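Student: My questions concern the predicted model and sequence given below.
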Amino acid sequence: MAWFRKDKKPLKSEDRRDLPPDVFDKCKGCGEILYAEKLAQNLQVCPSCGHHFRLPAERYVEILLDEGSFEEIDEGLHSEDPLQFNDLKPYKERLTAAEEKVGRRSAVLAGTGTLESLGVILAVMDFRFIGGSMGSAVGEKIARAGRTALDRKEPLIIVSASGGARMQEGIYSLMQMAKTSTVLAALHEAGLPYISLITDPTTGGVTASHAMLGDVNLAEPGALIGFAGPRVITETIGQELPDGFQRAEFLLKHGMIDRVVDRRELKTTLGVLLRHMIA
């Protein structure tokens with residue numbers, strides 16, 4: 001029987017295979033370990049539970065627009081430090097670190113392109129850049145995207161992902177809510193479609209302005225959408241909040257958004273909507 005016995009030996013460190021850290025990803029929805037390559041092929045959507053991983057702005061451009069059609073606008077627009085703000089570190093240092101991390105000078109990537117051969121203006125917020133917070137440059141870039149849509153008489157699509165107003169810019173940040181809303185009102189008066197795509201998370205002043213002002217408001221499954229945080233609301237009203245509060249499905253049920261759309265169906269859905277809206 002010794003022929004069939006295999007002596008167990010402790011695994012030594014030199015016997016272990018060294019795997020790059022980006023080979024696997026753990027799903028935050030169901031905890032399953034996923035091959036990163038297959039997850040990327042599935043547009044960062046868990047094949048087991050449908051959890052939508054967060055995406056950088058460039059990935060939304062690839063998903064939504066026709067290949068090779070995107071041309072960036074206002075690439076050099078970036079925030080300054082009008083208040084000379086300091087908290088744990090100077091605001092200028094935060095900006096520099098964010099620019100190096102993301103490879104872009106603001107929390108918005110905007111440009112022209114085509115979606116199923118339809119000309120559109122696309123602006124995508126990037127949560128990696130200081131939480132996608134809306135400073136003066138972010139608001140200006142979104143407003144300019146809206147003005148470009150007006151000039152070209154093309155639909156506007158904004159993909160939101162943000163923690164809200166950027167506190168380091170104080171009132172300058174809050175003023176962007178009015179600025180972006182005014183441009184969207186001009187689009188409405190001109191009869192040009194604006195579709196808002198809300199992703200996880202979208203909160204604060206962004207929710208209170210352009211994110212919820214679309215002619216059609218779409219959201220990705222499970223996206224956190226709200227103004228104040230659940231803890232603040234609970235303390236204010238003195239009641240426990242229902243399950244799923246501030247998630248996309250909850251907002252759909254209560255009439256705050258128009259549809260929850262799986263990321264893998266976004267381009268097709270947007271194409272159908274745009275053809276209907278510009279017919």
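Tutor: Received it, and whenever you're ready, just let me know what you need. Numbers count the residues shown, from 1 in each chain.
Student: Now the phi/psi pair for the residue nearest the centre of the chain, please.
Tutor: In the chain, the centroid-proximal residue (CA atoms, centre = their mean) is A161; its distance is 3.2 Å. Torsion angles at A161 (phi, psi; degrees, to the nearest 10) stand at phi -160, psi 110.
Student: next one: P90
Tutor: Per degrees, to the nearest 10, the backbone of P90 is at phi -60, psi 150.
Student: ok, it to M167 distance?
Tutor: Note on P90: its distance to M167, by CB to CB, to the nearest Å, is 14 Å. (Each C-beta comes from the backbone N, C-alpha and C, glycine too.)
Student: so what's the residue nearest to the centre of the chain up against?
Tutor: Taking CB atoms under 8 Å, 6 or more residues apart in numbering, we find A161 in contact with R54, M125, D126, F127, G132, T199, D200, P201, T202.
Student: Try it again at 7 Å.
Tutor: M125, D126, F127, G132, T199, P201, T202 (CB atoms under 7 Å, 6 or more residues apart in numbering).
Student: State the distance from the first one to S209.
Tutor: Relative to S209, M125 is positioned 12 Å away (CB to CB).
Student: Looking at the two, which is more packed in?
Tutor: It is M125, of M125 and S209, that has more neighbours when counted by other CB atoms under 10 Å, with 29 against 23.
Student: In three-state terms, label the closest residue to Y60 other than its chain neighbours for me.
Tutor: In space, and not counting its chain neighbours, Y60 is closest to V124: 4.7 Å by CB to CB, 6 or more residues apart in numbering. On the three-state scheme (DSSP: H, G, I helix; E, B strand; the rest coil), V124 is labelled strand.
Student: and V124, what are its bridge partners?
Tutor: L109, V159 (DSSP bridges).
Student: dump the residue contacts of A165.
Tutor: By CB under 7 Å, 6+ apart, the contact set of A165 is S133, M134, S173, L174, G204, G205.
Student: which pair in these spans the largest distance?
Tutor: Spanning the widest gap among the contacts of A165 are S133 and L174, at 11.7 Å by CB to CB.
Student: Comparing those two, which residue is more hemmed in?
Tutor: Comparing S133 with L174 by neighbour count (other CB under 10 Å), the higher total belongs to S133, at 24 against 18.
Student: so the more buried one makes contact with S162?
Tutor: Yes. Contact criterion CB atoms under 7 Å: S133 and S162 qualify, at 6.2 Å.
Student: Can you give me the buried ones in the worst-scoring helix or strand of the chain on mean pLDDT?
Tutor: The weakest-scoring helix or strand in the chain, judged by mean pLDDT, DSSP states H and E, is helix 230-237 (a mean of 90). Within helix 230-237, no residue is scored as buried using 16 or more other CB atoms under 10 Å.
Student: Would you mind writing the CA trace of the following helix or strand past that helix as CSV?
Tutor: Downstream of helix 230-237, the first helix or strand assigned by DSSP states H and E is helix 248-253. Extracted C-alpha coordinates of helix 248-253, given in CSV (Å, rounded to 0.1, in the frame of the first residue of the first chain):
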residue,chain,number,x,y,z
ALA,A,248,-30.6,52.3,-8.2
GLU,A,249,-33.4,49.7,-7.8
PHE,A,250,-34.9,51.6,-4.9
LEU,A,251,-34.9,54.9,-6.8
LEU,A,252,-36.5,53.2,-9.8
LYS,A,253,-39.2,51.8,-7.7
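Student: what comes up buried for helix 248-253?
Tutor: Those would be A248, F250, L251, L252, for helix 248-253 by 16+ other CB under 10 Å.
Student: Packing partners of that helix?
Tutor: If contacts are counted by 3 or more CB pairs under 7 Å, 6 or more residues apart in numbering; DSSP states H and E, helix 248-253 sits against strand 259-260.
Student: what ranges do the helices span in the stretch 1-150 of the chain?
Tutor: 36-41, 57-64, 91-102, 136-152 (DSSP state H, counting those that start in this stretch).
Student: Now render these as TSV, adding mean pLDDT and distance to I278.
Tutor: Listed next are the helices of the stretch 1-150 of the chain as TSV, based on pLDDT from 0 to 100; distance: least, CB to CB, whole Å:
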stretch	mean pLDDT	distance to I278
helix 36-41	95	32
helix 57-64	98	17
helix 91-102	97	33
helix 136-152	98	12
